[in-house]
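[1] need the 3D shape of this:
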Amino acid sequence: MSGDGAMLAGRPATVLLAEPVYRTDGRLAEWREVPPRPRDSFLHRLFAHGELWLRPGGAAGARLATGEPPTGSWRACGSFLLVSASWPDGSGTLDGYLSEDADGWWFDAVYTGPGRVGSAVVARVRQRFTPRGHRGVPRPGAVTVPDVASAPAREPHPGPVEPVTHPRPTSVEDLQTLLDAASLRGRWRVVAGPAYGTTVALSSASAFAEHGGGFLRLARGPDVAVGLAPAGGGGGWELVVLARRDAPLLTVFEAGDGAALRRLGIELLAAGRSGQAAPILDRAAELYAGSEASTSTGRVIDLLGLCDARIRCAFAESRFARLPGLLVAAADVRREITLGPGAFTPWLDALRFLRETVEPLRESLRRIADLAGAGPSPSGLAAAADACAAAAETVCGVLDSTGSPPDDPESIESSAERVDRALAAGRDALRETADRLAAHGEPEPGSAGELVLLSARGGADVLALMRDHLSRSAPAAAARFVRDQAREAAGTAAGYVEIWRALLDSHWDKIISTDQALPFYERMVTLLLDLDASEDALVASEMARARAFADTLRAHRAGPGRPARGLGVSPPVSREGLRDVLTRHDAVVVEYFLAADLLTVWVWPRGGPLTRVTRRVDRAGLKETVEEFGRLARRSRHDAASRAAMAAALRRLGEVLWDVVPAGLLPDDPDEPVTVIPHLELFHVPFAALRDASGTYLVQRHAIRVLPALAMIPDLSAPRPGRPPNAPPELVALVNPRPLPEGPRLDWTQESFGEITGLYGRSARLYTGEKATAATLREVAGTGTVLYFGTHGRAVTKIDDDPMMSYLVLAPSADHDGYLRALEVPGLGLAADLVILAACETGGGAVTADGVVGLSRAFLTSGPTGLITTLYPVGEQAGLYLMADFHESWLLDGLEPVSALRHAQARAASAQRVTAQEPHLWAAFTFFGLGSAARSVVEASTAQAREATHD
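    Okay, the predicted model is just below:
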C-alpha cells in the first residue's frame, strides 16, 4: 500500500432492496428482497462510478455521485476486507466487504439511509472496483485486528427459548438510557437471509452464532438488526435481517409523560431512528388521548406536531396501512386548531379585551353622573356628566351588538371599522365635554366639577388607547393569516397522500389508497369550506378523485418510448395548475363532492369566477333514488306506475343535483357543452335525464359530458403523436358477433347498420359474425378514428370480484373465449378518437373514490378523447335508432359529438308521448370524456358524409 493508501474506481452497481412486510395488526411479519422500483432509481445514480479509498491504519471512505462522502474504517477478516462507513450527519450507513477475483475487486455491501421521499431504505449493493493509478489494495492481514469473539452454537431446533429480561423503564430518562445502550446481545429470529425462520443467539455486538462470528451490524434500532454474515462454505457474504425473539424493548416501558415522550420521539425521528421513534410516538398519542381534554392552543399544537411525526414514521418504515388513520387524526387536529374552542381567533380576543376595558369605564361614568345629579352642583355639570355616561354607553352598545365571525376576514374588517368609528365618536364626545367644562375655568380641587372633568379626559384617553390597540392587533389581517396557514397545512397534508400514491406500484393499490384516504379528504374539504376557501376546497376535491386514473392516462399518453418521469406519473394538483386548467377549458364546469350529508357543487362559467354552492342532503335517500331509477331502467316492460316512478325519481335527482346550480352561470346555447364531474354514487346518475319543475329534461337545455376529474383535461386535450390533423372520420365497427358466448343474436342491428356505415362512405369497415373476434380487433385497433361495438356487455360492480373483468362479447376463436375484458383493452393500441360502446352497462363498474373501474376507464386511458357508454342495459332497436340519429347530427350537421348526442337524445325524448315517457330508452347513453379531438375532424368530413348519403 502506498503512503496515501488505495484508491478504487467503481463501475455501475447492481442494487437489490430489502423491505419489511407487516401483518394486519401492524407487527413485522418478514423481510423480502426485491429489485428497485422506478422511484428508487436514485440508488443506481448514487453508486454509479463512485470511488472507494482505504488508508493505512484502517481509515476508509467513499465518494459517491451525490452528497457528502461517507467515512469510516476497514479491517481484515479471513480472505476479505470489511469496510464500514457512515454519513457525517448520521443519516445512513454503508457496510460491506471487498473480495478479489481475476478481474479485480468486488464490493458487496448494505446501504441504509433515507429514500427519495424520506422513507427508510435498506439496499444490497454489489459493485465492481478497479485500482486507480499505481495504488495497491491491502492484502488481508496487512492490518491486525482483534479476533471476532466466538458465539455459542445455534440451537439445533427452534424450540422454546428462555426470554431475555429487559429492564422496565419507568421514566423518559430511563428509556433514553436504554435506547442509547441497546446491544445485539440476546435471542433473535432470522427474518431474511441464511437460516431463515430459525432462532439464533448473539453474545456480543460482532458475533452471529449461525455463522461462527463476523456478523457486521447495521444499527436499525433495538428490535431489528440488519447486516452481513459470511455465507456457508466461504462463498461470500449474505444479507441478514434479524428481529428480536423476545418482547420488544419499546413495548414494555411505563413512562407516562406524554409531552416528554413526544419530544423524545421527535428527536429520535430527526436522528433517523424511526424504528425507535414509532412506538414512543404511539405511546405519546395514547397518553394524550387518555388525558383530560384541554382546548388550550398549546396542547392542540403539540397534537399537530405529534400527528405529523407519526405520519413521517409511517413513511420511514413503509407502513402505509397506518396512513389513513393518521391522516384523519391530523385533519381533525387541524380543524380543532383552526375552528375549535381553542382556536386562535384574534378578533374574539380583541373584542373581549375591548369589552373588559370599556364596560368598567361605562360603570364609572354612570356612577359619577348619578352623583352629579343627586345634589347641588354648578350649572350644566349634571348634563356634562350625563353626556359622558351616554358616550360610554353608546360604545358598549356597539361592542355588545358586534358579531364575531372568526373565519371571515371581510366581515371582521367591516365589524372592526364599525367598532373603530364608535370608539372615535366616544372619544370625541368625551373630549368635547371636557373642553366645554374647562372653558369655564379650572374647577376647585376635590369638587364635583373636577371629578367630572378628570373622568371625561381619562375616558377619552382610554378610548383612544383602545383604538390604538384595535389597530395594532389587526384582527382581519390575523384572520387572513390563520386561514392562509390552514390552507397551506391542508396542502402539506394532502401532499402526504400524493407521496403515498407515488410509492405504490400497482394500479389497483393506488385505487385502494384513494378510497382509504377519502375520509381524510372529506375532512379537509369541509374545513376549507368552513374557512370560505372555495378554490382550495376544489383543489382538495380534485386530489380526492381519479389520481390512479390520471396516472394511467398519463402513462399511456407518454407511450412506451417516452416514459413519464417523477415519483408519480401524474403531477400533484395545485391551485395554480387547476386555475390554469379551468381558464383554458372551453366549457362550463360543474363539479360535485359528497362528504357525509354535505353536498358541495362548484360551478366555473367560461372565464370564471368560481362559484360554490353547499347544501345538506339526505345522503341515504339520494343513494336510494339513484338505485331506484337504475332498477326501474332495467325493467323489460313498463306501465303507468313505473313510468310515474321514473319521472318522480328523475325530478328528485334534478331538485337535489341541478336546481342548486345558478342558472345564470350556465350557457344559453343548448349545444355548448357543460362538463360535469360527478362523485361516488353520482357516477350512476343519468344527468341528461334529470327533470326540472316543469318536466323538461336537462338534455333539452344542455349538452352534458362527464369526466372523472378536471385534472385529466390536459392529457385528454393533448394531441396524440402520429395522428394527422383534419383527417376525415374512419369507422371500424364490430357488430353482431357469432356465435355469441352469451346473449341473443343481434341480427336486426346488423341488417340496419347500413344507416350508419352509409354516412362514412368508403371510410367504413364492418366486421360481423365470425369475423367480429378479438383477433380482428387486435389487427384493426390501430386504424380508424371511430371504433364502434354493437354487441352485448356486462359490468362487474363489486370490487372483490375485480371490476376490470367487465367485458364486451365478441365471437370466440381458437385463442380467445370471446369475452373482451377491460384489463385487455390497454394492450390493443387503439387509434380511435371516439369509441362507441353500444352494449349494455358499458359505463358501469365498481364505483370508488378514484372513479368508476370498468370498461369506460379501460378505454378512456387507452387513447380516445371521448367515449359513448351506457349506464344500464339498453334495447337493441332504441339503441341503434339513437346512434343513427347521433351520426347524422355529427357527420351531416357538423355538430361536435357531445352536442350531436344531445340532439339525438332530445329528439328521442320529444318523440315520446307525455303520458308514455320512458327516458330509460335513451338516457342510458352518456358522453364520457372530452371529444375535442373527434370534433376537430368534423368540418373536413361533413361534405364527404353528405355526398355519401346521396350516392
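[2] point out where the stretch 851-951 of the chain drops to low pLDDT.
    932-951 (pLDDT under 70).
[3] if we use 80, what do you get?
    914-916, 931-951 (pLDDT under 80).
[4] show me where the stretch 351-500 of the chain has helices.
    With DSSP state H, counting those that start in this stretch as the criterion, the stretch 351-500 of the chain has helices at 381-401, 409-438, 448-473, 475-503.
[5] next: the stretch 751-900 of the chain.
    With DSSP H, counting those that start in this stretch, the ranges of helices along the stretch 751-900 of the chain come out as 754-760, 774-780, 855-860, 876-887, 897-911.
[6] neighbours around the nearest residue to V452 once chain neighbours are set aside, how many?
    The spatial neighbour of V452 that comes closest, neighbours along the chain excluded (C-beta to C-beta, 6 or more residues apart in numbering), is A385 at 4.9 Å. All C-beta atoms are positioned from the backbone trio N, CA, C, and that covers glycine. When neighbours are defined as other C-beta atoms under 10 Å, A385 has 29 of them.
[7] so for A550, what's the nearest residue that isn't a sequence neighbour?
    S570 (3.9 Å).
[8] then P919?
    Nearest to P919 is A689, by C-beta to C-beta, 6+ apart, at 4.5 Å.
[9] shouldn't the one you found be in contact with L650?
    Yes - using C-beta atoms under 8 Å, A689 and L650 qualify as a contacting pair, with a distance of 5.4 Å.
[10] mutual contacts of the two, please.
    By C-beta atoms under 8 Å, 6 or more residues apart in numbering, A689 and L650 have these common neighbours: 697, 919.
[11] quick one: buried residues of stretch 121-131?
    For stretch 121-131, a neighbour-count test (16 or more other C-beta atoms under 10 Å) marks 121-125, 127-129 as buried.
[12] wait, which of these is closest to R334?
    Within the buried residues of stretch 121-131, the smallest distance to R334 is 29.8 Å, found for V121 (C-beta to C-beta).
[13] that's a helix at that closest one, yeah?
    No - V121 is assigned strand when assessed by DSSP: H, G, I helix; E, B strand; the rest coil, not a helix.
[14] tabulate the helices of the stretch 351-500 of the chain (a markdown table), appending distance to T865.
    Output for the helices of the stretch 351-500 of the chain, formatted as a markdown table (distance: least, C-beta to C-beta, whole Å):
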| stretch | distance to T865 |
| --- | --- |
| helix 381-401 | 58 |
| helix 409-438 | 42 |
| helix 448-473 | 55 |
| helix 475-503 | 25 |
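[15] of the ones you listed, which is nearest G654?
    Here helix 475-503 is closest among the helices of the stretch 351-500 of the chain (C-beta to C-beta), at 32.6 Å.
[16] got the angle for the closest one vs helix 409-438?
    Put simply, helix 475-503 runs at 160 degrees to helix 409-438, going by axes from the mean of the first three to the mean of the last three C-alpha atoms, to 10 degrees.
[17] what ranges do the helices span in the stretch 201-350 of the chain?
    Under DSSP H, counting those that start in this stretch, the stretch 201-350 of the chain gives helices at 258-270, 274-290, 297-316, 323-339, 346-374.
[18] what stretches of the stretch 251-400 of the chain score poorly on pLDDT?
    For the stretch 251-400 of the chain, the stretches flagged by pLDDT under 80 are 251-257, 268, 270-276, 290-301, 316-318, 336-349, 372-380.
[19] how about a cut-off of 70?
    For the stretch 251-400 of the chain, the stretches with pLDDT under 70 are 251-256, 272, 291-297, 340-345, 375-379.
[20] cool, and the stretch 51-200 of the chain?
    77-78, 90, 114-120, 133-186, 193-194.
[21] so which residues of it form strands?
    51-54, 59-63, 71-77, 80-86, 93-101, 104-114, 120-131, 186-192, 199-202 (DSSP state E, counting those that start in this stretch).
[22] excluding sequence neighbours, find me the nearest residue to R579.
    Nearest residue to R579, sequence neighbours excluded (C-beta to C-beta, 6+ apart): E535, at 7.4 Å.
[23] same question for A645.
    Using C-beta to C-beta, 6+ apart and skipping the chain neighbours, the partner closest in space to A645 is L632 (5.9 Å).
[24] relative to Q917, how far out is that neighbour?
    Separation of L632 from Q917 (C-beta to C-beta, to the nearest Å) stands at 12 Å.
[25] G608 too?
    37 Å.
[26] list the contacts of the residue nearest to R579.
    Residues counted as contacts of E535 (C-beta under 8 Å, 6+ apart) are 575, 578-579, 610.
[27] buried among these? Need that as a selection in ChimeraX.
    In ChimeraX, a selection of the buried entries from the contacts of E535 looks like this (16+ other C-beta under 10 Å):
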select :578,579,610
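[28] with respect to A795, which of the contacts of E535 is nearest?
    L578 (30.6 Å).
[29] how confident is the prediction for the closest one, by pLDDT?
    L578 is assigned 90 on the pLDDT scale.
[30] then G236?
    If you check G236, the pLDDT there is 62.
[31] for the one 3 residues further on, same thing?
    As predicted, L239 sits at a pLDDT of 68.
[32] R562 now?
    The model's pLDDT for R562 equals 45.
[33] next one: R631
    Here, the pLDDT recorded for R631 equals 93.
[34] any idea how far Q485 is from it?
    R631 is 48 Å from Q485, by C-beta to C-beta.
[35] got phi/psi on P70?
    phi -80, psi 150 (degrees, to the nearest 10).
[36] actually W604, sorry about that
    Per-residue torsions, W604: phi -120, psi 100 (degrees, to the nearest 10).
[37] quick check: closest non-adjacent residue to it.
    Nearest residue to W604 in three dimensions, chain neighbours excluded: V589, at 4.2 Å (C-beta to C-beta, 6+ apart).
[38] residues contacting T526?
    Per C-beta under 8 Å, 6+ apart, neighbours of T526: 595, 598.
[39] that's a helix at it, yeah?
    Yes - counting by three-state DSSP, T526 is found in a helix.
[40] I'd like the distance between it and A544.
    Distance, T526 to A544, by C-beta to C-beta: 12 Å.
[41] returning to that earlier point: pick the most deeply packed of the helices of the stretch 751-900 of the chain.
    helix 855-860 (a mean of 28; mean count of other C-beta atoms under 10 Å).
[42] then the strand or helix carrying P714 to PDB, C-alphas only?
    P714 belongs to helix 713-717 when assigned by DSSP states H and E. Extracted in PDB, the C-alpha atoms of helix 713-717 (Å, rounded to 0.1, in the frame of the first residue of the first chain):
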ATOM      1  CA  ILE A 713     -58.300  17.600 -19.000                       C
ATOM      2  CA  PRO A 714     -54.700  18.500 -20.100                       C
ATOM      3  CA  ASP A 715     -53.800  14.900 -21.000                       C
ATOM      4  CA  LEU A 716     -57.100  14.300 -22.800                       C
ATOM      5  CA  SER A 717     -56.700  17.600 -24.700                       C
END
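[43] relative to helix 876-887, how tilted is the helix or strand following it?
    Next helix or strand after helix 713-717 toward the C-terminus (DSSP H and E): strand 731-737. Interaxial angle, strand 731-737 versus helix 876-887 (the same axes, to 10 degrees): 180 degrees.
[44] got the buried residues for strand 731-737?
    Buried-residue list, strand 731-737, by 16+ other C-beta under 10 Å: 731-737.
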